[in-house]
Structure formats: C-alpha cells, structure tokens
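**Student:** Let's see this in three dimensions:
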Amino acid sequence: MNNCTCNRLKEFFISGFATFPNGQILIFIILLLMYLLTVIGNVTIIILVCVASHLHTPMYFFLCNLSSADIAYVTVTLPKLLSIFLTKDHNITFSGCITQLYFFLLCGQADIFILTCMAYDRYVAICKPLQYSLIMNKGVCIAMSAFSWLTGILNSLLHTLIASSLPFCHSNIIDHFFCDLKALSMLSASDSTNRDILTTVESVFIGCVPFMLIVVSYVYIISTILKIQSSNGRLKAFSSCTSHLTTVILFYGPIIFLYMKPENDSSREGDKVLSILYVAVVPMLNPLVYSLRNKDVLGATAKLKQYFKKSIGAYTEKSW
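**Tutor:** Numbers count the residues shown, from 1 in each chain. Below is the predicted model of the structure:
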C-alpha cells in the first residue's frame, strides 16, 4: 500500500443505484421531477423575497441564502445522476469528481450555518423582541451570511485539497451516486488515521456545535413561549418558528441517522436512498415548508400573480 504511486486517476466510475431497467426509468422520472421542483420552488422564493418589500426582513434574507445554497446543492449532484440513467455512462473525470465534491461540501456546510443563523434570528425575535431591530440590523445579517459562506468555502477547500492528493490504486469505483467524501476516502490506498481524526474534529465544529446552538436556541424559545399568558400569543410566537424547526428536523434527521449507524456493506443501497433525503428531498420541501400557511409568502405570491396578469393584459392590449 505504501508503494502506491498512481495517485492520479483520469476518471472514476459512479455505481449509482442497483435497480432493474424499469426501476431505473421510474427513479429517473422521480429524480427529474424532484430536481425541477427544487429549482423552481427555490427560485420562486428568491424572486418573492427580492420583489416583495414586506419580505425584506432578516428571516427572509437568510431564507434567500438557504434557497440559493439548495439550488446549488441539487444542481451539483442530480444532473450527473440523471445523465447516468439516460446515457448509461457512469464515468466522471477526476477533476469533475473533485469539483462536484467541493461544491457539495460547500453548499451542505453553508446550509448548516444558515440554519443556525435562522435559529438565532428566531431566538432574538421571540426572546428579545424589543431589541430585535437593533440586534438583527442589516450589517449583522450580512456579516452572519458572509461567515456562513466563507466558512463553507474554506473548509470545503481543505477537504477537497486533501481528497485530490489521495492515492487511488486498487479501484476507481465510487459506491455512491455522487462523489462523496466518505466514499472517496474508502477508495484511497493511504493510511486514513489522520483523515479520520480531522473528520472527527470537523464533525464537532461544523456539525455538532451548530446543531447544539440550534437546540439551545429552541430551549430558550420554548421557555419564553410557555411564559406568554395569552394562548393566541403563544400560538403566534410558535407559528413563527415552525417552518424553521421543520426544516432543521428534515435536514439533520437523515444525516444523524446515516452517520451514527454502524458501517455495513449490506446496507450500502439503503445508505444511498437515505442520502437522497438530504440531497434532494429536503431542498425540494424547503420552499413548501416556508410557503404553506405562511401569510407573508402567500400574500407576496398573490401580488406577484396580479402583477403578471396586469403585465400580460397590458401587453395583449398593445398587441391588438
């Protein structure tokens, strides 16, 4: 293993999903619909936040960041998987794989920190309402957003550089549907001790700390809500957090289960299906979670529809 010098592969082979031909057609259709719904839904959220003045608040500013990350998140993974189903070409170039890995890590980590920023926003809004506009000012929101993206950029670059320097001699088959860091590390012929230590430390600071901050935020939020004497006041306060809380559960649930369970070769296909949940399903559901029963978003959508109807009507009249 130490004599391995052929660390520069020209391409990898992505195994994808092991299904029958008819099953592949069904999976392709489902994934294509999920991808289109994700892009359309998140682009709609971004447009609404930009054009509707009453959505120019910290919560929707962070939601716009989350939607941007989700669009990139699915775009860097699903199109390649869809092309595999269409062309049966499972190969991906070394540079293409490393690029996919980088942007996947970047968007995933940006999601984590943005969700943490949104939890802090909800904490200030409910626990310190009189100081909300002072604490969550424009400069603070931009700084928090910049920190989320910059941390993702630098940390992803670190892992990508390490992955790109690994020796791959025994196999080029990635047993996943995209270039996952874990799957790439398993292919390497080098000693993984130092990488495992780095991954553990990174998991604590990048994954566990933000998650614990979210949990602590909601402990204070729930404690404050329970002290509200009015039942309508409690319901209104809690309803302002339900969308974010739902997104956190949907995002962290599959990841915690996937990385906490013991490794087992027989469960690889199950791991891929579970990965689909946080790679594709969660980004698709986020716009729905923040749209359903959200009066602000529904109101902005209605106004946008009226604007388009008026524009189309005016254009039609001019044409005649």
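
**Student:** Assign a three-state SS to residue 190, would you?
**Tutor:** Of the three states, residue 190 takes coil according to DSSP: H, G, I helix; E, B strand; the rest coil.

**Student:** What is the burial count for the residue nearest to it when sequence neighbours are not counted?
**Tutor:** Spatially, and ignoring its direct neighbours in sequence, residue 190 is nearest to residue 167 (5.4 Å; CB to CB, 6 or more residues apart in numbering). (Each C-beta comes from the backbone N, C-alpha and C, glycine too.) As a burial measure, residue 167 scores 18 neighbours (other CB atoms under 10 Å).

**Student:** what does residue 67 give?
**Tutor:** Close neighbours of residue 67, defined as other CB under 10 Å, add up to 27.

**Student:** can you start the count at 430 instead of 1 from here on
**Tutor:** Got it, the first residue is 430 from now on, which makes the last one we talked about residue 496.

**Student:** And the contacts of stretch 605-614?
**Tutor:** When contacts are taken as CB atoms under 8 Å, 6 or more residues apart in numbering, the neighbours of stretch 605-614 outside the stretch itself are 441, 443-446, 505-506, 509-510, 513, 521, 526-527, 529-530, 533-534, 588, 592, 595, 603-604, 621, 624, 701, 704-705, 708.

**Student:** try it again with 6 Å
**Tutor:** In this structure, residues lying in contact with stretch 605-614 by CB atoms under 6 Å, 6 or more residues apart in numbering are 445, 506, 510, 526, 529, 530, 592, 603, 604, 624, 701.

**Student:** and the fifth one, what does it touch?
**Tutor:** Yep, that's residue 529 we're talking about. Residues counted as contacts of residue 529 (CB under 6 Å, 6+ apart) are 505, 608.

**Student:** Kindly recompute the last result at 8 Å.
**Tutor:** Taking CB under 8 Å, 6+ apart as the criterion, residue 529 is in contact with 505, 506, 509, 521, 607, 608.

**Student:** Sort out for me which of the residues you listed are in strands.
**Tutor:** Among the contacts of residue 529, the members found in strands (DSSP state E) are residue 521.

**Student:** how about a markdown table for the contacts of stretch 605-614, with secondary structure, distance to residue 556 and pLDDT added?
**Tutor:** Converted to a markdown table, the contacts of stretch 605-614 look like this (DSSP: H, G, I helix; E, B strand; the rest coil; distance: CB to CB, whole Å; pLDDT from 0 to 100):
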| residue | secondary structure | distance to residue 556 | pLDDT |
| --- | --- | --- | --- |
| 445 | coil | 47 | 79 |
| 506 | coil | 37 | 92 |
| 510 | helix | 43 | 90 |
| 526 | helix | 45 | 92 |
| 529 | helix | 40 | 94 |
| 530 | helix | 39 | 93 |
| 592 | helix | 41 | 85 |
| 603 | strand | 45 | 87 |
| 604 | coil | 46 | 84 |
| 624 | helix | 40 | 74 |
| 701 | helix | 41 | 79 |
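
**Student:** Distance to residue 578 for those - can I get that in CSV?
**Tutor:** Conversion of the contacts of stretch 605-614 to CSV gives the following (distance: CB to CB, whole Å):
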residue, distance to residue 578
445, 30
506, 19
510, 25
526, 23
529, 18
530, 18
592, 21
603, 27
604, 31
624, 25
701, 28
